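Colleague: Provide a 3D model corresponding to the input given below.
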Amino acid sequence: MYDGHEVLSEIRTWLSSIRTAHSPMLLLVGPTGSGKTRILQVLAEQYGHRYLNLNLTLGQIFQQKGHQHLHAALTELAETIGPEVNPLLVDHIEILFTRVLRVDPLSFLHNLSRHRPL
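Modeller: Numbers count the residues shown, from 1 in each chain. Here you go, the predicted structure:
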């Protein structure tokens with residue numbers, strides 16, 4: 001059974017330990033409607049971390065650049081995220097798993113996490 005308070009507590013513990021981790025990344029997984037987005041939004045509000053809806057952000061970049069510039073869109077996204085000490089709370093990552101992107105989703109996220117915690 002899902003307990004949002006318990007999950008938030010575990011994530012807070014993880015967040016307090018990431019300063020010493022190399023390429024820190026936490027992947028929050030659960031079925032649709034389980035509260036993943038809400039948990040990320042609560043963390044963003046409580047700690048001032050940036051929240052990023054990846055599906056929406058990449059969709060906007062694709063509208064501007066067109067789907068034929070997929071690599072440029074991913075590069076622009078990585079540059080937009082930029083290096084920071086504070087974690088980036090990335091939501092709706094399912095777009096990375098679409099075949100048209102031709103990207104290994106976990107490698108892409110891992111590379112981003114080298115520059116800032118995800």
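
Colleague: show me where this structure has helices.
Modeller: 4-17, 36-47, 54-65, 70-81, 105-113 (DSSP state H).

Colleague: quick check, pLDDT for N53.
Modeller: pLDDT, N53: 90.

Colleague: nope, E94 is what I meant
Modeller: 86.

Colleague: go on, L101?
Modeller: L101 is given a pLDDT of 76.

Colleague: residues in contact with I93?
Modeller: 54-55, 105, 109 (CB atoms under 8 Å, 6 or more residues apart in numbering). (Each C-beta comes from the backbone N, C-alpha and C, glycine too.)

Colleague: widest-spaced pair of those?
Modeller: N55 and L109 (13.9 Å; CB to CB).

Colleague: before we move on, back to that, which one of the helices of the chain has the lowest average pLDDT?
Modeller: Among these, helix 70-81 scores lowest, with a mean of 73.

Colleague: now stretch 104-117: buried residues?
Modeller: 108-109, 112-113, 116-117 (16 or more other CB atoms under 10 Å).

Colleague: quick one: distance of it to the chain centre.
Modeller: For stretch 104-117, the distance from its own C-alpha centre to the chain's C-alpha centre is 9 Å (CA atoms, centre = their mean, to the nearest Å).

Colleague: so what's the residue count around L52?
Modeller: The number of residues packed near L52 is 21, by other CB atoms under 10 Å.

Colleague: that one touches A78, doesn't it?
Modeller: No - taking contacts as CB atoms under 8 Å, L52 lies outside contact range of A78: 11.7 Å.

Colleague: A78: neighbouring residues, count only.
Modeller: Using other CB under 10 Å: A78 sits among 13 other residues.
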